[in-house]
Structures are given as C-alpha cells and as structure tokens.
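Novice: Here's my sequence, what's the structure:
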Amino acid sequence: MPDHLPRRQVLRTAGALGLGAAAAGALASTADASTQASSTAGTPDKSTSHAPDKLTGMGAHHGKLEIRKDPFGTTPDGQKVDVYTFTNGRVTISMLTWGATIQRVETPDRRGKTTNISLGFDNLPDYAALSPYFGATIGRYGNRIAKGKFTLDGTAYQIPVNNGENALHGGTLGFDKKVWKAKVVQSDKAVGVAFTYVSPDGEMGFPGELTSTVTYTLDKRDDLRIDYHATVAGKPTIVNLTNHVYFNLLGEGNGTIYDHVLELNAPKYTPVDATLIPTGEIAPVAGTPFDFSRPTAIGKRLRGDHQQLIFGRGYDHNFVIGGQPDSNGLRLAGRFWEPEHGRTVEVLTDQPGVQFYSGNFLDGTFLGIGNKAYRQGDAFAFETQHFPDSPNHSNFPSTVLRPGETYKSTTIYSFGTK
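Specialist: Just a heads-up that it's a prediction; the model follows:
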C-alpha cells in the first residue's frame, strides 16, 4: 500500500464509504499534505534511528504486563501521533493517539498461534483518508442521528450529515479524526492508556464543551476493559461514546466472518427505515433472522428476504440487551467464536444496546494492514451503545448529559479459546 493516494482516488474512496462532500474534501487535503510529509507519516522504518520510548520493556514473558510508545506519524498540521503497544504476554493491543484507535489486537488460537484479529492500517494517511472507523473511539454521538437534527431544551441543533441524509458517528469530523492526549495507566493487575479529548462548544454543531476520557486497560485474564468518562460545561449536550473495532477471528484479511458463531443476549432489537434510522419500534427478535439467542453462524440467515436485512445489506442493527446486571452493573451482550481455530470474544457492558454490524459496506477499494483488500463480510463490529437516534425518540433511553453530571460507561472484550 503506498504511503499516500492521489486526490482523485481519495475522493472516489471517500464516496464509496458514504462520506459527505465536506469530509471527502478534508480527507483529500490530508492526503495531499501527506504526499509532502510521507517521510514523517507511517509506521517507523526499522532501518531509521527512531527509537521506541520504552515506558516498560517489552518482551515475551507470559503474564507480565508491559507497555511501550513509538512514533506513528505526523498530521498535516504538525501534530505528532504515537502508537502505544501493551501486552500481558499472551494478548497484545496496539493503540494510536489518532482517534484513540485500536490498531491491532493480537491473540492466540487454541494451538497457541498468535495473529492480529482486528482490521486497520499501518500508516497515518490511510487512517485519515480511508478508514471506515477502524478501531476508533467514536463521539460525540455514536451511530446515526436522523437528518443530523435534534432538539434539546427547546433549542434545535444541526450536525453535518455524512451518511446519506443522516449524521453518523459525530458528523464529518468526529472524535475518530482527532489526536487525543495519552497517559499510561499501569498497576499490578492491568496496563493500558487513558486517552483524553476536549471538544469545544459548537464542534460539529453539538452544544457544550465536552471533556472525554476513555481508558483502555488489558489485564492478566485477557480482558480488554474500556472505561468511558465525560463531563460537559456551559450547556447540556448529548453523548453516546463507543469503540468501532472490527474483528475477524481467523485473522485480519483471512476470509469472511460468515462461519463465525454468534450468541446474543438480546430478546429485542430496533428496526430501521431504508436510511438505517430506527422507526421507534422495539421489536422482538423471535421468529426473525435477528434471533441469536442460540449460537448461530453469522452467515446462516444473512441473505434472507427479510426487509430489515435488505435495508442494511445484512446486519447493521441495534440490539436491546436483556437480563439483569451483575454486581458491577455489567451484562453479557454477546459472545463470538470461530470454529476452525477456536478464538472467542465475549462482550460485557452496562450499556442498554449494542450495534452488530456484519461488514456489509466493505467493498475492496483499499488494502489493510496485512496488504489485503477488505471486502464485504470480512469483519464484524460489535459497538456497545445507547440506541441510535435516541434524541428523536422519547421512548429510547436518554443520552442527555447536563453540566454537573458525569457520563460513565464500561465495556469489556474478553478474549479466549475453545
């Protein structure tokens, strides 16, 4: 994959990803600038003198928590982007300060063979110009808002639309395209990074100054824990933070996820219209292709004639998590496993919903970190969240955050084998 792409190709690809004209232009400008700065953007060349900032020595010691920081690139406006790599000796996570992004998730299969199971890129220009939110921390509002409009306390707000007629994942320049401040967090039980971003009042049309800190920690049990924390100053706002990591438990770029098995703790879901905006109905999954209450291959019913599958080109829907929370306020959202190599992912959260997306809009227009084209069905995303378009549906759980209040949420991705 070249370190940069011609402006025409960036614009074409941005259009294929459903980005609006403003975003496409901004991304093309990023790509143009990266042509002049290609020597500073990208994974450090091992032949250069770039030395890792060894916060703790990295090694292959099982059960030893370690972390390091390396340079990853520089944005066109001169902001340095770093990659933090942390491990427990079995699972290794790499994260960028660009978008507080999970770049790599390396886990072993049942035979102990380790591979990267998340989609991403090996250089900054591709993240800026091409990424459909690979591994990014999403904000200020994850998922869709109808026509980018909502009203809060009698005041109407407009978010830039970037997904047809709707706003997706915070508008044209969401938190996924910001450089976050990073701080290492480490204890005898876990290691990781706390990322912080301050979104000014009015950014992307959202009211209030929002300070968000999202802390990613890996423990010795192979659990990746995400703790979200946000406060707003000046005005009330709406908040729906999530992470958009794409998984393929065969390894990134190694085929489709259609034979992956999914079990969902979700008795209901929120049907959508043709633009993927919820209708407001909260419908039972029983008797539909959305019923994963028993372990079922993702691809088994994917090509059925159900209207909701046609709207989403597959699964791209919010599921309503069921059951009672444990003593920590967490509920099982779902579990995935891949039968051939045995890798598993179990997801716990305190959020009311989760967006299951079966990679329907990946179209092979770019190459990923393993130099392979990502095509339809090559990964899934499992985004814990409040419901899409909640500000426009009074029967959905509220996403309003007011000054003096604190937004807190926790999600755990637990990796294993079977």
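Novice: Report how many residues lie close to G364.
Specialist: For G364, the tally of surrounding residues (other CB atoms under 10 Å) stands at 12. The way it works is simple: take the backbone N, C-alpha and C, and place the C-beta from them, glycine included.
Novice: What residues does it make contact with?
Specialist: A373, Y374, R375, Q376 (CB atoms under 8 Å, 6 or more residues apart in numbering).
Novice: ok, and for stretch 290-306, which residues are buried?
Specialist: Judged by neighbour count using 16 or more other CB atoms under 10 Å, the buried positions of stretch 290-306 are F290, D291, F292, I298, R301, L302.
Novice: Nearest residue to the most centrally placed residue in the chain in space, ignoring adjacent ones along the chain?
Specialist: Closest residue to the average C-alpha location of the chain: H244 at 1.1 Å, with CA atoms, centre = their mean. Distance criterion CB to CB, 6 or more residues apart in numbering; nearest residue to H244, sequence neighbours excluded, is Y133 at 4.0 Å.
Novice: just D291 next, same as before
Specialist: V285 (4.2 Å).
Novice: next one: phi and psi at the one you found?
Specialist: phi -90, psi -20 (degrees, to the nearest 10).
Novice: did I read that right, the residue nearest to H244 in a strand?
Specialist: No: the assignment for Y133, made by DSSP: H, G, I helix; E, B strand; the rest coil, is coil rather than a strand.
Novice: if I pick it, what's in contact with it?
Specialist: H169, D176, H244.
Novice: Could you do Q103 as well?
Specialist: So Q103 contacts V83, S94, M95, L96, S118, G120, F121, G135, I369 (CB under 8 Å, 6+ apart).
Novice: These into a markdown table, with extra columns for neighbour count, secondary structure and distance to V320?
Specialist: Below are the contacts of Q103 laid out as a markdown table (neighbours: other CB atoms under 10 Å; DSSP: H, G, I helix; E, B strand; the rest coil; distance: CB to CB, whole Å):
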| residue | neighbour count | secondary structure | distance to V320 |
| --- | --- | --- | --- |
| V83 | 22 | strand | 36 |
| S94 | 23 | strand | 33 |
| M95 | 25 | strand | 30 |
| L96 | 26 | strand | 32 |
| S118 | 23 | strand | 26 |
| G120 | 25 | coil | 30 |
| F121 | 24 | coil | 33 |
| G135 | 28 | coil | 25 |
| I369 | 22 | coil | 34 |
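Novice: P271: which of these is nearest?
Specialist: Set against P271, the nearest of these by CB to CB is G135 (28.1 Å).
Novice: H169 versus the closest one, what's the distance?
Specialist: With distances taken as CB to CB, to the nearest Å, G135 is found 13 Å from H169.
Novice: re the thing from before, pull the number of nearby residues for the residue nearest to D291.
Specialist: For V285, using other CB under 10 Å, the count is 19.
Novice: thought it was touching Y269?
Specialist: Yes: assessed by CB atoms under 8 Å, V285 is found in contact with Y269 at 5.6 Å.
Novice: Give the intersection of the neighbour lists for these two.
Specialist: F319.
Novice: Which of the contacts of Y133 fall in helices?
Specialist: Among these, no member is found in helices (DSSP state H).
Novice: just those now: which is nearest G334?
Specialist: H244 (16.0 Å).
Novice: any residues in contact with both of G135 and H169?
Specialist: H244.
Novice: Not counting sequence-adjacent ones, nearest residue to K178?
Specialist: That would be Y197: by CB to CB, 6+ apart, it lies 5.4 Å from K178.
Novice: what comes up buried for the one helix or strand that neighbour maps to?
Specialist: Using DSSP states H and E, Y197 maps to strand 190-199. By 16+ other CB under 10 Å, the buried positions in strand 190-199 come out as A190, V191, G192, V193, A194, F195, Y197, S199.
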